[in-house]
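S.K.: below is the structure, and that's it, no one-letter string:
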């Protein structure tokens, strides 16, 4: 593959635990480099990608996990029976691991208040969402009655913002306004961290 031209950092995955047979044959210590959060290597497991995406998206935009020895890393478990565990880490421009030691002041979860707002609408939305509709949530809590497909799409942004990510390309880096309905793009949401 040609070099990927991207403003986003590279990521490193390391198999840290094997608890069952993996179709891909991953073994403890195997390392996988992602050119960025949008480029996986050839034959990369898409089941893992599904579980991994919110984590690598969050790390790419500066999220920190204060309870970890390295705040710029997180463990992710294979969604197929928990057969494997991967450590996801972020690389700097020189290819070195970014390391921020554990936050000695970390006192447990600190869920952030966030708002999901409809900022564009076209076509027909089964849920009847329209521009200006808003929902509040705290941390990673689901919103009762909210469209599951839309929540699935918004979850990486919610996860990233909950752990301190900043979207450097947005006018307000505490929000992202391109979260788009997977059903024809009928609805576009803005997700904002408000505290």
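M.R.: Good, I have the coordinates. Treat the numbers as computed from the prediction; the structure is a model and nothing was measured.
S.K.: so where do the helices sit in this protein?
M.R.: Using DSSP state H, the helices of the chain run over 46-60, 148-162.
S.K.: so what does the first one touch, helix or strand wise?
M.R.: With contacts taken as 3 or more CB pairs under 8 Å, 6 or more residues apart in numbering; DSSP states H and E, helix 46-60 sits against strand 11-18, strand 73-77, strand 84-90, helix 148-162. Bear in mind the C-beta positions are built from the backbone N, C-alpha and C, glycine included.
S.K.: so for residue 61, which of the ones you listed sits nearest?
M.R.: Residue 61 sits nearest to helix 148-162 of all those, at 5.4 Å, using CB to CB.
S.K.: can you tell me what sits against that closest one?
M.R.: By CB atoms under 8 Å, 6 or more residues apart in numbering, the residues outside helix 148-162 that reach it are 53-55, 57-58, 61, 63, 111-112, 114, 116, 127, 129, 137, 139-140, 142-143, 174-176, 179-183, 187, 189, 191-193.
S.K.: rewinding a little: I'd like the helices and strands packed on helix 46-60 as JSON lines, with mean neighbour count and mean pLDDT appended.
M.R.: Below are the helices and strands packed on helix 46-60 laid out as JSON lines (neighbours: other CB atoms under 10 Å; pLDDT from 0 to 100):
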{"stretch": "strand 11-18", "mean neighbour count": "18", "mean pLDDT": "96"}
{"stretch": "strand 73-77", "mean neighbour count": "19", "mean pLDDT": "97"}
{"stretch": "strand 84-90", "mean neighbour count": "21", "mean pLDDT": "97"}
{"stretch": "helix 148-162", "mean neighbour count": "20", "mean pLDDT": "97"}
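S.K.: out of these, nearest to residue 98?
M.R.: Proximity of the helices and strands packed on helix 46-60 to residue 98 was assessed by CB to CB; the nearest stretch is strand 84-90, lying at 4.8 Å.
S.K.: now that closest one against helix 46-60, angle please.
M.R.: 30 degrees (axes from the mean of the first three to the mean of the last three CA atoms, to 10 degrees).
S.K.: what angle separates strand 84-90 from strand 73-77?
M.R.: Using the same axes, to 10 degrees, strand 84-90 lies at 160 degrees relative to strand 73-77.
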